[in-house]
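Undergrad: Provided below for reference: sequence and predicted model.
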There are 2 protein chains.
Amino acid sequence: MSKQNLKQPSKADTGRNATIFAALGDETRLQLLLKLGTGAPQSIKQLTMNLPVTRQAVTKHLRVLESAKFVTQESHGRERLFVARLAAIEEAQAVLRTIAAQWEDALVRLKRFVEE
Amino acid sequence: MSKQNLKQPSKADTGRNATIFAALGDETRLQLLLKLGTGAPQSIKQLTMNLPVTRQAVTKHLRVLESAKFVTQESHGRERLFVARLAAIEEAQAVLRTIAAQWEDALVRLKRFVEE
DNA sequence: TTATCATGCAACCTGAAGGTTGCACGAGAT
DNA sequence: ATCTCGTGCAACCTTCAGGTTGCATGATAA
């Protein structure tokens, strides 16, 4: 019953997962994600506002976020609008859940082992 | 009722959060965390086994994981044992939950806006 | 006491991440 | 037709992350 059917992440998964978290592991990118969470699709220009970096830097960050599937593009005239992808966050959550579950499981085993 | 009492992450938080995810954003470190989740405290030597890198590299990774609070040290004779800290994973989960909640909230607002 | 073994420390290398500046270009506004 | 504005692209710089090798050292096993 303690076999919770946790699929042990394969070697290949680990790479993908690292990419996901790496995308979140930058202050500027986190702020971009927060900004994107506050409303409608926003252009690069808009997203750059109030950030201490150049438009070019923001562009690069958006590229990173896009390859990690956290945002989607949407060309609109001469500007490019970006939208947050909720699914990506959920995917990240799933990974953490897996790790947490495995750890809890290990703790239970350890406790049982100690108690005998 | 839609005011879900989401504490908007402060500027300072963003830095800490970035550190957390950055720690997870490396394949080797993810594998270390997985390994640590499989049982008892392990030494650097043990953790290095089956990894394609040097003991020194692993040591550095462990240092990163420790500053991000994902592991704890525990000196034992001539070896140093490392243990996973479940609380850190939960903290990371909390951050993701915050972002997700905010996004969902925004989606709701957008939908309502469109429908009028 | 003498090997041996798990680590720490320091120097060093390489590539890539994050940033900037300058210029070119197509879409919109005048 | 022209001016402006939002972007893309390319070159370049600097810092640092990830990795290695070599040597020193304090526990432990012989």
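TA: Received it, and whenever you're ready, just let me know what you need.
Undergrad: How about stretch A:28-35 and DNA strand D, touching?
TA: No. On the criterion Cβ under 7 Å from any atom of the strand, stretch A:28-35 is out of touch with DNA strand D, staying 13.3 Å away. The C-beta positions use only the backbone N, C-alpha and C, and glycine is treated the same way.
Undergrad: what is the rounded mean pLDDT of that stretch?
TA: Stretch A:28-35 shows a mean pLDDT of 96.
Undergrad: quick one: contacts of it?
TA: A:23-24, A:42, A:47, A:51, A:53, A:57-58, A:61-62, A:64-65, A:70-71, A:84, B:9, B:14, B:17-18, B:21, B:99, B:102 (Cβ atoms under 8 Å, 6 or more residues apart in numbering or on different chains).
Undergrad: As PDB, could you dump the C-alpha coordinates of it?
TA: Extracted in PDB, the C-alpha atoms of stretch A:28-35 (Å, rounded to 0.1, in the frame of the first residue of the first chain):
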ATOM      1  CA  THR A  28      14.300  39.300 -13.900                       C
ATOM      2  CA  ARG A  29      12.500  36.300 -15.400                       C
ATOM      3  CA  LEU A  30      10.500  35.800 -12.200                       C
ATOM      4  CA  GLN A  31       9.400  39.400 -12.400                       C
ATOM      5  CA  LEU A  32       8.400  39.000 -16.000                       C
ATOM      6  CA  LEU A  33       6.300  36.100 -15.100                       C
ATOM      7  CA  LEU A  34       4.700  38.100 -12.300                       C
ATOM      8  CA  LYS A  35       4.000  41.000 -14.600                       C
END
